[in-house]
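# Please work out how this folds:
(2 chains)
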Number of protein chains: 2
Amino acid sequence: MAEIQPQKVYDVVVVGGGPAGLMAALCLTTYGFNILHIDERPHPTTAGRADGIQPRTIEVLRNIGGVSTAPIPGGPVVGQPPIGGGGLAKRMISQGVRVYEVAFWDPTPTQKLARTSRAPSCPEFIDVVDNYTLLLHQGLIEQAFLEEIEARRTVLPDPQPTPPSGIFRPYNLQDCRTLSESEDPLSRSHPVECTIENGDTKTTYTIRSRYLLGCDGAKSHVRRCIAGGRVGDGEWQGKITMQGEATDIIWGVLDARVKTNFPDIKYKCLIHSRSEGSIMIIPREANLVRFYVQLQTTDNGKIVSIARDKATQDICIARAKKIFEPYDLEFGYVDWFSVYQIGQRIASSYTLDHRIILGGDATHTHSPQAGQGMNISMLDMYTLSWKLNLVMKGLARPEVLLPTYEDERRGVAQELLKFDGAYSRLFSGRGPDAKQLPNGVDPDEFIRMFKQNAFFTSGCGAVYSGNVLNALPGERVAKEGIFNPQGCKLIPGQRLTPGKVVRVVDGNDVRLQQEVKMNGAFRIHVFAGDLAKTRTALERFAAFIDSPGSFFNKYRAAPGTRASIIDAPAGLIDNVGDGKSRHIFNPFFTFLTIVGTHWYQWEIDELPSPLRLYRSQVYGDAVFDKRVPESADQTALGPDSALKQRACAPLHIKYGLDVNKGAIVVVRPDSYVGAVVELSEAGCEGLNDYFAGFLRESGGSPVRASF
Amino acid sequence: MAEIQPQKVYDVVVVGGGPAGLMAALCLTTYGFNILHIDERPHPTTAGRADGIQPRTIEVLRNIGGVSTAPIPGGPVVGQPPIGGGGLAKRMISQGVRVYEVAFWDPTPTQKLARTSRAPSCPEFIDVVDNYTLLLHQGLIEQAFLEEIEARRTVLPDPQPTPPSGIFRPYNLQDCRTLSESEDPLSRSHPVECTIENGDTKTTYTIRSRYLLGCDGAKSHVRRCIAGGRVGDGEWQGKITMQGEATDIIWGVLDARVKTNFPDIKYKCLIHSRSEGSIMIIPREANLVRFYVQLQTTDNGKIVSIARDKATQDICIARAKKIFEPYDLEFGYVDWFSVYQIGQRIASSYTLDHRIILGGDATHTHSPQAGQGMNISMLDMYTLSWKLNLVMKGLARPEVLLPTYEDERRGVAQELLKFDGAYSRLFSGRGPDAKQLPNGVDPDEFIRMFKQNAFFTSGCGAVYSGNVLNALPGERVAKEGIFNPQGCKLIPGQRLTPGKVVRVVDGNDVRLQQEVKMNGAFRIHVFAGDLAKTRTALERFAAFIDSPGSFFNKYRAAPGTRASIIDAPAGLIDNVGDGKSRHIFNPFFTFLTIVGTHWYQWEIDELPSPLRLYRSQVYGDAVFDKRVPESADQTALGPDSALKQRACAPLHIKYGLDVNKGAIVVVRPDSYVGAVVELSEAGCEGLNDYFAGFLRESGGSPVRASF
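Numbering: from 1, shown residues only, chains lettered A, B, ... in the order given. Have a look, this model is predicted:
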């Protein structure tokens, strides 16, 4: 068979096959785009590198779901999306190990090394379902992504061919640039031009695309191409610079199997020796242990780092044994070894023209010890992708929506760098404090800092500022008294916290947050409260949605345009009905109705249209939540013996939404809260204002013919 | 490639490839036996038949686990069993749908059909993790078993070849018998002889085996062979008879996709019409609906069943539409259709010689509506298999252990038949009561009965009587005051109820019940209570275990004999240690130590040997359980601010075990409680007495050379 070659035109070129590039490829494939994905390495990662998946990332992976492979008797079912369940997440969870607890080991007055403190990896106050760090090596993570991308490609109408690995490799990016609209006829739709080279045959190809994503790591060639400057100094000069600093602190990283009598070898441990430096260990799949070993030595009584070129695996192992004393530590099979230098840098810009866009390590680098890099890189692309989806399908104003990518993600990266700088220096004994060990470490200060930052390191503390998407109090759109109603505990710019509800159509207890899988749609949560009080408001809201002037009817893609391959192909997801296309259907919005009144006391068909048409997204708020014990009290909405053993509107209470009034919660396609408004006419106006802030009326012919 | 042919000698011949036969094959393969599995049907089930998996069965499937397919860097790890996780269960759960709630629809004075009641499928009082019925068609269930069996066969040292499907098919059993010991040299070890025929080529084979299991359904040919009598009357005459009765009540069964405005189409519904008969519907995977339709008509004003030969699919559909009135019901794709006659029958004996043994539908038949048949059939073989394992490896006295199979399982089948007879007649309008609809149904009585039997139908109520395995009060071995200590809520002959604990070796929250996967071993749970009070008793217990006279050292298989392919191949499962074989290792027993004292306050290495050697099976009893809210009180074992947010010995409390004294809970390999004794010298004696009741000292050369 002749080698498969890249085509000439794509929607998006993704440069780099690491976690960021894979997330971009998976999301954009789900949104139905044809992408060219290249990587300069001849093979995927087989060992080592990143290994920690944080709670928020697991939540995202669950929301991405997995392609169902069960055969469908009688052929595909209309209105039954092919994707659901926790595919990607479940696969990784079954392959990895979990860290729930962290142990801190330090010298004490009486012992060379002792466990001095413990901390939960993800403390109780963080409201997240998977309250642990999941550990498995990057190769397994990449493999799961590659297989899921390939499975989803089979659902695309006319996917461009790719090699069996799903990525063209080894292919190097040689150059990329954005053409002006007048340069050639294709420039209007596909202004990005790049030249790529097959690393084996040296054949070069010129590719045109609408966007190009630089996910090609710390030494990003994409960044160099757009920033200008000569090769070799591209990181430091030109239109984009990497800002920050490096230290002389050198650490070794090792994945190995060991024999030891150290009791906490299956915990994440942060170990400080009196004067030999520090180690962090993390348990891993297949009985491996990840070691981060500080490589320092003593020079005339002064502690100095080992020179990077002298930092061998053997030295790393010798240092580890020394730091572990008095415990035995014998090394067996070594799976991977590397060395890094602690430093924190961030790109001065993520993009220059919102056409060639950087993310992941190409925009931020830091030390790996906090287990954040892969997570934040994947989530960069997760959030960029849905924005590109809205823009490429003509629904959003690119000049308003695309800048929110850098705005939001650069904020998170800066937060990370601030934390990582202080954390890694403190861990390496370069903290500013006085009450410290001979090696420079202040254990108390270090433990305090670790615990204080758990919210951020879990990923749940990645908080976005107010902008057109996040209608925080003070934003122009967020009229006081209408947005963010009194008592509301949901905060725009933060993730929707989890909660279980009863899915009325089948009586299943389900997680509300995971009910709509990543499909590019805004999730309009109608918290209907006590129906006896809210029925009129609910009917008015439904009438508003049905009216020609509502955001739902104004912001529509061209006929035939789908939001993602997960959309019900022809109309509403309607498990009972006839599956026929309904004129009201708009795949970029979906409605979830959550009723506080016990679900035995009303019927789906009593709800006004269109809410009742989203049959499988109507819920009873009646599942006990240990964070809302007061909801177990049955009296709030009237006692009834048949309703016992069910909680009373716990999610309304948890989110701080008044059951007498109801509320509308807009959740962005990445499951961040966008806006919370009252259930009222003013609230409806508010929603229109909110979406008018970044969407546009597209109309006309399909923006993308092939999808 | 030449066709693969059956060999001449096997450990076990399994006749029948349905759920019972597949469960037998999977368990026996896990225990390392070479089996010949035949089925007379040319292909596995592709549609219809059984579809409901009950909570207890899901629990069992979880315990069977799944083969890990993740590649192991650096090769296999000593002491790392290849099986774990929830493989089989997770696969089925991801393919099926869940029923949490049941709706009852009946005529009312004002409405032709209305929802008159609801009930949870598995009420709150039943303490089980998966509190729902899982629905998927039997073909998907069989496929999951077949693939798991095949995966486990790869771990066998020298598996006999099988065709790609894992089962020889179509192969008919022609005859089977048990030879006397003197008949030929092989008779001592392999006394069972059977003749089988290839249904295509008509070639016949004579096979020898140690045991033969008849899982060949209601018309079991194995049963006929051993019972005697002529073909055609074998079910009713001979040494085994089917006892019970049939009715003239005919039901149709249909799997179909429908269009309807009936609101509860995704619930399990029990629907009674005023005079057109009854229907049960069950939601199924891929938007299918299972219909059980009563086929009756009116003859001169009298309700009579439709004759079986006239019960066509069209009539079934017509009846269904009639019963659903006034709701619309339109049938689309029909996946499967069948007709059955209500009746209950049970075999007078399950075996005549404990060599050729029957189970599943070959021993009990009843109506399918209660969703029990497949479950009880699978569990027949689940419990028989571990008993055969102990017997075939020379550890148990066959004359004592094997009769417990029929003793226990026939009791459950009788219970089922009693329930099913009353239930199906009541549902069909043949109940004895007066306050009934014109069609003979008494809805109130029916709903009452449904709710009353939920414990049994969940599978959690399959309770075994006292016998050598179940040391209930009153059993000879169960000395009062030593067995079943005061306050103990665990009951021998019932399953170990679930509970979460902290696995101390890695700080993970885990389900105690699922920590040891089905591996043929007795699970000795040492509930250590408050270490400050129990330390001496614990040390004495450990010394007892280590002593030559303990059951642990007395009941050992011949050297080299493993209990299952899941055993750590060479010694203890010791994630920290050197993985070297230790003389103390006995794979037929495993120890789990559950400590009431907060796990921050002691170290694994403080526990006496051998308990501490089972490092990965040492637990802190500190995970909040909503069924034991009082355990949230931190004062019971002394307050300590570092221990906050953890419950205090909730599992000790739930099981009714005194934290001041501790207790030993023996759990059988099928996760049923066998015995509960105090943690004392008398308790140790009690354990020795318990195991002496059915085990034997084997010694000598390996019982089975190939394993």
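
# How far off centre is stretch A:212-232?
Once both centres are worked out by C-alpha atoms, centre = their mean, to the nearest Å, stretch A:212-232 turns out to sit 23 Å from its chain's centre.

# Quick one: mean pLDDT for it?
Averaged over stretch A:212-232, pLDDT sits at 88.

# Specify the beta-bridge partners of the residue in the stretch 101-250 of chain A that chain B sits nearest to.
In the stretch 101-250 of chain A, the residue found nearest to chain B is A:Glu101; the distance is 3.4 Å by C-beta to the nearest C-beta. Placement of C-beta: from N, CA and C, glycine included. Beta-bridge pairing of A:Glu101 under DSSP bridges involves A:Pro120.

# Give me the number of neighbouring residues for it.
Here the number of neighbours of A:Glu101 (other C-beta atoms under 10 Å in any protein chain shown) works out to 23.

# ok, it - contacts?
Going by C-beta atoms under 8 Å, 6 or more residues apart in numbering or on different chains, A:Glu101 touches A:118-121, A:267-268, B:507.

# Okay, buried residues for stretch A:261-274 please.
The neighbour-count check on stretch A:261-274 (16 or more other C-beta atoms under 10 Å in any protein chain shown) flags A:262-274 as buried.

# which secondary structure element contains the residue positioned nearest the centre of chain A?
For chain A, the residue nearest the mean C-alpha position is A:Leu379 (3.4 Å; C-alpha atoms, centre = their mean). A:Leu379 is part of helix A:373-392 when elements are defined by DSSP states H and E.

# helices or strands next to that helix in the packing?
In this structure, helix A:373-392 packs against helix A:19-30, strand A:52-53, helix A:55-64, strand A:204-214, helix A:398-401, helix A:403-427, with contacts taken as 3 or more C-beta pairs under 8 Å, 6 or more residues apart in numbering or on different chains; DSSP states H and E.

# Apart from its neighbours in sequence, what residue is nearest A:Phe450?
A:Ala119 (6.3 Å; C-beta to C-beta, 6 or more residues apart in numbering or on different chains).

# An error on my part: the question was meant for A:Lys533.
A:Asn660 (4.8 Å).

# Next, the distance between the ends of stretch A:27-34.
Its start and end residues considered, stretch A:27-34 measures 11 Å (C-alpha to C-alpha, to the nearest Å).

# Need the CA coordinates for the strand or helix carrying A:Gly244. PDB is fine.
Taking DSSP H and E as the definition, one finds A:Gly244 inside strand A:242-260. Provided in PDB are the C-alpha atoms of strand A:242-260 (Å, rounded to 0.1, in the frame of the first residue of the first chain):
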ATOM      1  CA  MET A 242       9.200  33.400  27.200                       C
ATOM      2  CA  GLN A 243       9.200  35.300  30.500                       C
ATOM      3  CA  GLY A 244      10.400  33.900  33.700                       C
ATOM      4  CA  GLU A 245      13.600  32.400  35.000                       C
ATOM      5  CA  ALA A 246      15.500  29.200  35.500                       C
ATOM      6  CA  THR A 247      17.400  28.200  38.600                       C
ATOM      7  CA  ASP A 248      20.500  26.000  39.000                       C
ATOM      8  CA  ILE A 249      18.500  23.400  40.900                       C
ATOM      9  CA  ILE A 250      18.700  20.100  39.200                       C
ATOM     10  CA  TRP A 251      16.400  17.100  39.800                       C
ATOM     11  CA  GLY A 252      16.500  13.600  38.400                       C
ATOM     12  CA  VAL A 253      13.300  11.700  37.500                       C
ATOM     13  CA  LEU A 254      13.200   7.900  37.600                       C
ATOM     14  CA  ASP A 255      10.500   5.300  37.100                       C
ATOM     15  CA  ALA A 256      11.600   2.100  38.600                       C
ATOM     16  CA  ARG A 257      10.600  -1.000  40.600                       C
ATOM     17  CA  VAL A 258      12.300  -1.100  44.000                       C
ATOM     18  CA  LYS A 259      12.700  -3.300  47.100                       C
ATOM     19  CA  THR A 260      12.300  -1.400  50.300                       C
END
